[in-house]
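**Student:** Need coordinates for the below:
(2 chains)
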2 protein chains.
Amino acid sequence: MRNVAIVGIGHSKFGKRLDVSLPELAWEAIKEAIDDAGIDSSDIGFISLSNVGVWSSEVSPAAIILDYADLNPVEVIRVETACASGSAAVKAAYMAIASGQVDIAMALGVERMNEMKTPEVIEILARIGNYFWEFHNFGPTFVGYYALFATQYMNKYGATEEDLARVAVKNHYYASFNPKAHFPKKISLEDALNSPYIAWPLKLYDCSPISDGAAAVILASEEVARKLTDSPVWIRAIEGATARANHSKREDLLGIPSARIAAKKAYKKAGIDPENPIKHLDLAEVHDCFTIAEIMAYEDLGFAKRGEGYKLIREEQTYIGGLIPVNLSGGLKAKGHPIGATGVSMVAELTKQLRQEVERERQAPIEKGMALAHNVGGTGHYVFVTILSLHKP
Amino acid sequence: MRNVAIVGIGHSKFGKRLDVSLPELAWEAIKEAIDDAGIDSSDIGFISLSNVGVWSSEVSPAAIILDYADLNPVEVIRVETACASGSAAVKAAYMAIASGQVDIAMALGVERMNEMKTPEVIEILARIGNYFWEFHNFGPTFVGYYALFATQYMNKYGATEEDLARVAVKNHYYASFNPKAHFPKKISLEDALNSPYIAWPLKLYDCSPISDGAAAVILASEEVARKLTDSPVWIRAIEGATARANHSKREDLLGIPSARIAAKKAYKKAGIDPENPIKHLDLAEVHDCFTIAEIMAYEDLGFAKRGEGYKLIREEQTYIGGLIPVNLSGGLKAKGHPIGATGVSMVAELTKQLRQEVERERQAPIEKGMALAHNVGGTGHYVFVTILSLHKP
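**Tutor:** Reported below is the predicted structural model:
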């Protein structure tokens, strides 16, 4: 197996991006990534595209994006694992290089969800849960699913609505320094607590927005990476797992079982102590589609014991200076969540962090040289955990 | 790079399959493949799913298929490259093993197109062409696109409607011996020529049907394959390429440029002489979504010189006993074309042929031990060429 390094990253402004078409939005990230890598687009041997795209009139978006970006005849595969699709794209591009198929590959994530009206988007997302058994019969939306997690968690462990709100406050705080964020503005605890309920106990500020955006990462084999850059960021592990789509068959709603499995696999591969992963990691980007999801992620990833994740945010341990800074990009909550782009965006963001190239106010101290991305599709239907490092495997 | 072998295959009956749900249809192929490989489903470390699925109420089908088939928590990635999606699934599973990620992987293709009414399916397929520039402005459907190829080809090279009909007659002839085929029945040249025009010069019998079906292949690393079977079928190459979505920008409509590129890459990797590939191959499955597509495939793959592909069928050189037997499964034309399953079905079929396990009347003589699959998405928006062999790379 060959080592794989990230040699280029690109990222569009996230937000409501009806100013551009889907291929134009993709191009913003592609262009930046190609320039960052210092390659010509014809050097790319394989592209994996993440675009869930069910809100779009284009049924097979890879073809039109390649055509617009003048990337033909490159081999392409579009991938989908719901909101974890971006990580699936990184995984596919990673495998293309690790297997010796090509020397340079690009993972591209792009989504333009605002092409459709919000109620329709909410319905389509809800169908990702489990259309036949759950959506069709009982009608839960995704905020409804996560509200079930939140109520069970709060009831069992004593977390409060304030704890949830604290996640939103932190992520908006860091987003305020990220010019690519959908909502680059601070909010107060009162703002969050006074926002209207969407599905009790989750309020407006507990929810990530419906965003448009694109992100790209260019990967290379070790030999090529050495020629292209002095600061390669290595993919030490990218591991996936899945959980039952039918929530009534899950053991409990206190965490995401597939996240625990994916983390375990990734830690093993990257040589991280699963009992104390924080000692290896400088920072993490986790899938805070709703604030409760970030708190469960702390536990599923082993940053806190089960039932104690809410204490990390209550004690501000996931701010810079705490035990482990989390979501310094603003997270899905405030950076935004164009679902096909999110996983690629996480990897691009962490690469920039490890290179110490992000805005000063949100730059994590890089001492251990390792970072983690946690990307969830559905409510854990699909999970990928990725470990990046400045140190070669 | 590790060698990868096919150690198990499964295939549902193709046809109008409203008797089963999507997960049930998938299970027919999964069960057969697992039994054929002699493994337990928990041995599978990675699954790639091909399901275009835009006609389905389920937005993220991998989750419900894994749940139904009790395959959680296995890592999964769903892939899409239009009608070539099945090959993209095989490629992803291949890369998962070649890269050393896992030792056993499954590529699964399943499609249930009859969930929607035919006119709606035709519209969705047409959007795959190029929604914005072509479908929205001019309204071509896929039979319309391929009619443009047919008219240009016939005008330039002198092929006739009879030549197109001969492809349908051959493929129905072989389908008549394939119990898994959508249309297991012979037709005469008169039947084909007397069928109604759909888009001149293409008639009903020049078109593949709207089918439901599933196929699965289980791949393993060399070490594991040796333990599982005495007759591994090796993947010698699986190479993709793409062409412009915008047909007005193509050089001509006499062939598929991306098919030529994918074939060239695959031949190089598999050690096949691109000037005379037939001397290495016992048989091929090619993407005959319309009869003209099979004739163009002969040329794009180098089985015939440009402009002479129609002579191969006119002289019956692609029947058993001819230069190279093509589509002994019945092809898309008569075996059926459940678009996400097709590429996986081709690989399953060729594996069975190389093992000499198909019905006697349609078994190719296996002398060279090599076979080729050619799978096209759109009109060459995506193409994969796969080379299978009884001989290890």
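
**Student:** Pull the contacting residues for residue A:160.
**Tutor:** Going by Cβ atoms under 8 Å, 6 or more residues apart in numbering or on different chains, residue A:160 touches A:154, A:310. In short, each C-beta sits where N, CA and C put it, glycine included.

**Student:** Not counting residues beside it along the chain, what's closest to the residue positioned nearest the centre of chain A?
**Tutor:** Centroid-nearest residue in chain A: residue A:343, 3.6 Å away (criterion: Cα atoms, centre = their mean). Counting by Cβ to Cβ, 6 or more residues apart in numbering or on different chains, residue A:86 is the residue found nearest to residue A:343 once chain neighbours are left out, at 2.4 Å.

**Student:** and the residue nearest to the centre of chain A, that one's in a helix?
**Tutor:** Yes: under DSSP: H, G, I helix; E, B strand; the rest coil, residue A:343 sits within a helix.

**Student:** got the contact list for it?
**Tutor:** A:50, A:84, A:85, A:86, A:87, A:88, A:89, A:90, A:109, A:373, A:375, A:384.

**Student:** and the fifth one, how many neighbours?
**Tutor:** Residue A:87 has 36 neighbouring residues, counting by other Cβ atoms under 10 Å in any protein chain shown.

**Student:** Read off the pLDDT value for it.
**Tutor:** Residue A:87 carries a pLDDT value of 98.

**Student:** One more: residue A:267?
**Tutor:** 98.

**Student:** Would you mind measuring from it to residue A:91?
**Tutor:** Residue A:267 is 17 Å from residue A:91, where distance means Cβ to Cβ, to the nearest Å.

**Student:** who's more crowded, those two?
**Tutor:** Per other Cβ under 10 Å, whichever of residue A:267 and residue A:91 has more neighbours is residue A:91, with 31 against 23.

**Student:** Give me the subset of the contacts of residue A:343 lying in strands.
**Tutor:** Among the contacts of residue A:343, DSSP state E puts A:50, A:109, A:373, A:375, A:384 in strands.

**Student:** biggest separation within those residues, which pair?
**Tutor:** Farthest apart among the ones in strands among the contacts of residue A:343 by Cβ to Cβ are A:50 and A:373. That separation is 13.7 Å.

**Student:** Residues in contact with the worst-scoring helix or strand of chain A on mean pLDDT: which ones?
**Tutor:** Ranked by mean pLDDT, DSSP states H and E, the helix or strand of chain A with the weakest confidence is helix A:136-138, at a mean of 79. Outside helix A:136-138, the residues that touch it by Cβ under 8 Å, 6+ apart are residue B:57.

**Student:** Give me the buried stretch members for it, please.
**Tutor:** By 16 or more other Cβ atoms under 10 Å in any protein chain shown, helix A:136-138 has no buried positions at all.

**Student:** can you pull the contacts of the residue of the stretch 251-393 of chain A at minimum distance from chain B?
**Tutor:** Proximity of the stretch 251-393 of chain A to chain B (Cβ to the nearest Cβ) peaks at residue A:381, 3.9 Å away. Residues in contact with residue A:381 (Cβ under 8 Å, 6+ apart) are A:81, A:82, A:128, A:129, A:242, A:243, A:245, A:258, B:60, B:62, B:63.

**Student:** If we use 10 Å, what do you get?
**Tutor:** A:81-84, A:128-130, A:242-245, A:256, A:258, B:60, B:62-64, B:66-67, B:72, B:76 (Cβ atoms under 10 Å, 6 or more residues apart in numbering or on different chains).

**Student:** Then residue A:19?
**Tutor:** A:13, A:25, A:212.

**Student:** Surely it is in a helix?
**Tutor:** No: counting by three-state DSSP, residue A:19 is located in no helix; its state is coil.

**Student:** State the distance from it to residue B:269.
**Tutor:** 43 Å.

**Student:** same question, residue A:318
**Tutor:** 48 Å.

**Student:** quick one, which of the two is more surrounded?
**Tutor:** residue A:318 (27 against 16).

**Student:** Tell me how many other residues surround the closest residue to the more buried one other than its chain neighbours.
**Tutor:** Nearest residue to residue A:318, sequence neighbours excluded (Cβ to Cβ, 6+ apart): residue A:326, at 4.0 Å. Using other Cβ under 10 Å, the number of residues around residue A:326 comes to 32.

**Student:** And for residue A:365?
**Tutor:** Neighbour count of residue A:365, defined by other Cβ under 10 Å: 11.

**Student:** how close does it get to residue B:74?
**Tutor:** From residue A:365 to residue B:74 the distance is 37 Å (Cβ to Cβ).

**Student:** helices and strands around the helix or strand containing residue A:170, which ones?
**Tutor:** Of the helices and strands defined by DSSP states H and E, residue A:170 is found in helix A:161-175. Packing partners of helix A:161-175 (3 or more Cβ pairs under 10 Å, 6 or more residues apart in numbering or on different chains; DSSP states H and E): helix A:142-157, helix A:189-194, strand A:202-203, helix A:291-300, helix A:309-314, helix A:331-335.

**Student:** what about 7 Å?
**Tutor:** Identification of packing neighbours for helix A:161-175 by 3 or more Cβ pairs under 7 Å, 6 or more residues apart in numbering or on different chains; DSSP states H and E yields helix A:189-194, helix A:291-300, helix A:309-314, helix A:331-335.
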